[in-house]
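Asker: sequence plus the predicted model coming up.
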Amino acid sequence: MAHVTRDAAPRIVLVGATGALGSAVVELIGDLGMAYRDVQLVASAGSAGRRAPLRGRLQPVVGLEDVDFGAADLVLFCAGEAVSRRWAHAASAQGALVVDASGAFGADPATPVVVPQVNGHLLHRRPSGPVAGAGPLTVALVPLLHGIEHRWGVRQVVLSSYQAASGLGHQGVEELLEGTELALHDPDAEPPADRFRPALAFNVLPLVGQLLPDGSSGEERRLVQETRRVLDRPHLDVTATCVRVPVAHGHAAAVYVEAESPVVRGELTELLASLPAVVVHDGGCTAAPPTPLTAGDPDRVHVGRIRVTPHNPRGIWLWLVFDNLRAGAALNLLRIARIALAGAGAGVG
């Protein structure tokens, strides 16, 4: 294939274009004014033949079997792990830069897991295979830990997440809304429980992802593995409990960090506010902390409830809120693509 040059924008293939994450990527391509020569929207056979909006125009959606990866410069995988495992290496072998959001390759030591604000240097040399975009929790968390580590060191991280239904795509949100409406009309009715078991409406589920033999979940293991890899701290003490909550969009997390040295709250607040794509909500004791409904800018991580524990000046508590689709995933994919293509002599915008 003819690769892009410095004066040419990339030819993009977006796999999973009609899903929740794929739709967020399409939206961001328009919002960011991203330059491209062509965008091919790809989805499952059930969605092939549809048209999806891209910069005000309806673009045809094609099936995976009809894609010529050899004609692409950038392939973004926003579908499930099975799709990525089947197609990602094939696309990479044909010369495209492949960026995967599914988590399929996060445990593969040969595949870089990237949050560009922290370890974007891994992209300065064009990767020979797929690049793994970290999961939404990791994307929100590790830039904060990276800043704290450079100032005070990080000894331990304990996280509890409160994750929205959109983490399971459009169908997850639809099931939550359907179950909520049904329960409001008939409290004794049995709500749908196809995507979430048991049902999510008016409930919290203390398991995100598959339950593993050691009692942890797939989401918790992914967070631990990715955090260690992105920070290049293979033995960092990280533990998490991931919970699904009846919220349509927007993840939240309560994070405890034990630093290596005592922390001054004012310095901590200033440091967090100085980080790119972070908004600190710290207006004093009367200020309301950010929530998925009130946080604001969907392209930033919102931080509130900043505390240094009185009995342990090395202990820090943070409250995080972020749009799991945009700030937590789509933006990360496009940042990875921009840096990697720039290193290969091309840009994305």
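Answerer: Looks like it came in fine. Numbers count the residues shown, from 1 in each chain.
Asker: just the helices in the stretch 1-150 of the chain please.
Answerer: 20-31, 81-93, 116-119, 136-152 (DSSP state H, counting those that start in this stretch).
Asker: check the stretch 201-349 of the chain too.
Answerer: Using DSSP H, counting those that start in this stretch, helices in the stretch 201-349 of the chain cover 218-231, 265-274, 331-343.
Asker: and the helices of the stretch 1-150 of the chain as a markdown table, adding mean pLDDT and distance to residue 317?
Answerer: Yep, even glycine has a C-beta here, placed from its N, CA and C like the rest. Output for the helices of the stretch 1-150 of the chain, formatted as a markdown table (pLDDT from 0 to 100; distance: least, C-beta to C-beta, whole Å):
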| stretch | mean pLDDT | distance to residue 317 |
| --- | --- | --- |
| helix 20-31 | 94 | 29 |
| helix 81-93 | 94 | 33 |
| helix 116-119 | 96 | 22 |
| helix 136-152 | 98 | 12 |
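Asker: deepest of those helices, which one?
Answerer: Mean neighbour count (mean count of other C-beta atoms under 10 Å) peaks for helix 136-152 among these, with a mean of 23.
Asker: strands paired with the following helix or strand past that one, and their directions?
Answerer: Going down the chain from helix 136-152, the next helix or strand is strand 154-163, by DSSP states H and E. Strand 154-163 has its sheet partners listed here by DSSP bridges as strand 237-244 (parallel), strand 251-259 (antiparallel).
Asker: could the ones you listed go into TSV alongside mean neighbour count, mean pLDDT and distance to residue 303?
Answerer: As requested, the strands paired with strand 154-163 are arranged in TSV below (neighbours: other C-beta atoms under 10 Å; pLDDT from 0 to 100; distance: least, C-beta to C-beta, whole Å):
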stretch	mean neighbour count	mean pLDDT	distance to residue 303
strand 237-244	20	98	18
strand 251-259	21	98	9
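Asker: for those strands, give me a markdown table that also has distance to residue 124.
Answerer: Putting the strands paired with strand 154-163 into a markdown table (distance: least, C-beta to C-beta, whole Å) gives the following:
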| stretch | distance to residue 124 |
| --- | --- |
| strand 237-244 | 27 |
| strand 251-259 | 29 |
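Asker: which among those strands is found nearest to residue 127?
Answerer: Each of these has some distance to residue 127 by C-beta to C-beta; the shortest is strand 237-244, at 25.1 Å.
Asker: so where's the stretch 101-250 of the chain uncertain?
Answerer: The stretch 101-250 of the chain contains no residues with pLDDT under 70.
Asker: how far away is residue 313 from residue 86?
Answerer: 51 Å (C-beta to C-beta, to the nearest Å).
Asker: just to revisit the earlier point, of all the helices of the stretch 1-150 of the chain, which lies closest to residue 342?
Answerer: Once these are compared by C-beta to C-beta, helix 116-119 is nearest, at 11.1 Å.
Asker: helices or strands next to the closest one in the packing?
Answerer: Contacts defined by 3 or more C-beta pairs under 8 Å, 6 or more residues apart in numbering; DSSP states H and E place helix 116-119 against helix 136-152, helix 218-231, helix 331-343.
Asker: which one of those lies nearest to residue 318?
Answerer: Using C-beta to C-beta, the nearest of the helices and strands packed on helix 116-119 to residue 318 is helix 136-152, at 6.8 Å.
Asker: who are the packing partners of the closest one?
Answerer: Counting by 3+ C-beta pairs under 8 Å, 6+ apart, helix 136-152 packs on helix 116-119, strand 154-163, helix 218-231, strand 251-259, helix 265-274, strand 301-308, strand 315-322.
Asker: give me every residue that touches the residue nearest to residue 265 when sequence neighbours are not counted.
Answerer: In space, and not counting its chain neighbours, residue 265 is closest to residue 308: 4.7 Å by C-beta to C-beta, 6 or more residues apart in numbering. Applying C-beta atoms under 8 Å, 6 or more residues apart in numbering to residue 308 gives the contacts 263, 264, 265, 268, 315, 316.
Asker: ok, now how distant is the second one from residue 328?
Answerer: When you say that, I think you mean residue 264. Separation of residue 264 from residue 328 (C-beta to C-beta): 29 Å.
Asker: neighbour-wise, which of those two wins?
Answerer: Neighbours of residue 264 and residue 328, each counted by other C-beta atoms under 10 Å, are more numerous for residue 328; the result is 27 against 12.
Asker: residue 136 is in contact with that one, correct?
Answerer: Yes: Residue 328 lies in contact with residue 136 (C-beta atoms under 8 Å); the separation is 2.8 Å.
Asker: and the residue of the chain most remote from its centre, how far from residue 168?
Answerer: Residue farthest from the centre of the chain, counting by C-alpha atoms, centre = their mean, is residue 188 at 36.3 Å. With the distance defined as C-beta to C-beta, residue 188 ends up 26 Å from residue 168.
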